[in-house]
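Q: Build me a structure from this.
(one chain, ligands or ions: 1)
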Amino acid sequence: MPLLGFGTWQITGREATASTAAALEAGYRHLDTATIYGNEAQVGRALADSGLERDDVFVTTKCPPDLAGQELDTIKRSLDLLGTDHVDLWLIHWTPAEGVGLDMWERFVEARELRLARDIGVSNYRAEQIDELVDGTGVKPAVNQIKWSPLLFKPHVLAQHRERGIALEGYSGLRGGTLEDGTVAEIAAHHGRTPAQVVVRWHLQHGVIAIPKSTKPERIRSNADVGGFVLSDDDMARLDALGRG
Ligand SMILES: NC(=O)c1ccc[n+]([C@@H]2O[C@H](COP(=O)([O-])OP(=O)(O)OC[C@H]3O[C@@H](n4cnc5c(N)ncnc54)[C@H](OP(=O)(O)O)[C@@H]3O)[C@@H](O)[C@H]2O)c1
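A: I've put the predicted structure just below:
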């Protein structure tokens, strides 16, 4: 799974096709969508038009827990819209109102067995909820996608995922004032980079998957252009410390 992906929340219609096309053009090989984003067809259109091999792009979509009982129909509809016979990762979008979704997770396992999803995971789960899911089904999610940024950094949360062998995928890392934070800005200026590049780089150096979203081609390109610099241990420690603020 590529550590860097393109987020597509709140991008719909032609803009979703154009932004996803710009991301693929910029080199992203991982796309993150969801049933509730209402853009799977547009993301799929950009993927088809890119001329890239299907196996060269990692595609994630998600099923909302209110569609419990209709899981297989939901993924088949997602696949139709995306124009593919499988997704690489399928996530329970958030925990159901009651319980942790044991029945839903069983259907997810079935989808994986049917090769409709190469792998399965969850989103917005706490570690204890993941434990409950695993205890109840014997099957571990590959990934947990949660809200994550330097301002939200909690070392124990990272450790909980490591200990369980579950990949941590961060979302909304550029929101919530992170890009305006003085420390982020200072580190960015020091490296001659943008605050967004520093935040993406911080994810990658922690081994956390980052999925920045933008509708602007220039930002889409620059958010992925994070290979030419390294955050020092001191930079990383200063960014981590923002989570204690
Ligand atoms: N599992 C979940 O429950 C969940 C929840 C939320 C999001 N997600 C996923 O995670 C992805 C990322 O999260 P997100 O969309 O909430 O937020 P994000 O990627 O952290 O931030 C997006 C915001 O930052 C702006 N932005 C992007 N690049 C920028 C740059 N270089 N400089 C300044 N501003 C910049 C964007 O505006 P412009 O578009 O105008 O550039 C947009 O307003 C989503 O798209 C979605 O795929 C999942």
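Q: CA only for contacts and neighbour counts going forward, please
A: Fine.
Q: Can you mark which positions in the longest helix that the chain contains are buried?
A: For the chain, the longest helix by residue count, based on DSSP state H, is helix 13-26. Using 16 or more other Cα atoms under 10 Å as the test for burial, helix 13-26 gives 15, 16, 17, 18, 19, 20, 21, 22, 23, 24, 26.
Q: for the residues you listed, which one is nearest residue 5?
A: The shortest gap between residue 5 and any of these belongs to residue 23, at 8.9 Å (Cα to Cα).
Q: Leaving out chain neighbours, which residue sits closest to that closest one?
A: Of all residues not flanking residue 23 in the chain, residue 220 sits nearest, at 6.0 Å (Cα to Cα, 6 or more residues apart in numbering).
Q: where does this protein have low pLDDT?
A: Along the chain, the model assigns pLDDT under 70 to no residue.
Q: Around the ligand, which positions in it sit nearby?
A: Residues of the chain found near the ligand (Cα under 6 Å from any ligand atom) are 7-9, 32-33, 93, 123, 145, 171-175, 196, 211-216, 219, 223.
Q: Among those residues, which ones are in helices?
A: Using DSSP H, the residues of the chain next to the ligand in helices are 196, 219, 223.
Q: Now do the contacts for the last one.
A: Counting by Cα atoms under 8 Å, 6 or more residues apart in numbering, residue 223 makes contact with 196, 197, 200, 212.
Q: Please, where are all the helices along the protein?
A: 13-26, 40-50, 71-82, 102-113, 127-137, 155-164, 182-191, 195-205, 217-224, 233-241.
Q: Format those as TSV; extra columns: distance to residue 1.
A: What follows is the helices of the chain, written out as TSV (distance: least, Cα to Cα, whole Å):
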stretch	distance to residue 1
helix 13-26	15
helix 40-50	17
helix 71-82	18
helix 102-113	16
helix 127-137	20
helix 155-164	16
helix 182-191	27
helix 195-205	12
helix 217-224	15
helix 233-241	23
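Q: returning to that earlier point: name only those of the residues of the chain next to the ligand that count as buried.
A: Buried among the residues of the chain next to the ligand by 16+ other Cα under 10 Å: 7-9, 32-33, 93, 123, 145, 171-174, 196, 211-215, 219, 223.
Q: Closest one of the buried residues of helix 13-26 to the ligand?
A: The shortest separation between the ligand and any of the buried residues of helix 13-26 is 9.1 Å, and it belongs to residue 19 (by Cα to the nearest ligand atom).
Q: sorry, back to before: by contact count, what packs against the longest helix of the chain?
A: Where contact means 3 or more Cα pairs under 8 Å, 6 or more residues apart in numbering; DSSP states H and E, helix 13-26 is packed against helix 40-50, helix 217-224.
Q: So which of those is the most surrounded?
A: Neighbour counts averaged per stretch over the helices and strands packed on helix 13-26 are highest for helix 40-50, at a mean of 21; criterion: mean count of other Cα atoms under 10 Å.
Q: where does it sit relative to the chain's centre, distance-wise?
A: Averaging C-alpha positions (Cα atoms, centre = their mean, to the nearest Å) puts helix 40-50 18 Å from its chain's average.
Q: Need the CA coordinates for that helix. PDB is fine.
A: Backbone C-alpha positions of helix 40-50 (Å, rounded to 0.1, in the frame of the first residue of the first chain) are rendered in PDB as follows:
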ATOM      1  CA  GLU A  40     -16.800   6.800  -7.000                       C
ATOM      2  CA  ALA A  41     -17.900   7.000 -10.700                       C
ATOM      3  CA  GLN A  42     -15.800  10.200 -11.200                       C
ATOM      4  CA  VAL A  43     -12.800   8.700  -9.500                       C
ATOM      5  CA  GLY A  44     -13.200   5.600 -11.600                       C
ATOM      6  CA  ARG A  45     -13.500   7.700 -14.800                       C
ATOM      7  CA  ALA A  46     -10.200   9.400 -14.000                       C
ATOM      8  CA  LEU A  47      -8.500   6.000 -13.300                       C
ATOM      9  CA  ALA A  48      -9.800   4.600 -16.600                       C
ATOM     10  CA  ASP A  49      -8.800   7.700 -18.600                       C
ATOM     11  CA  SER A  50      -5.300   7.700 -17.100                       C
END
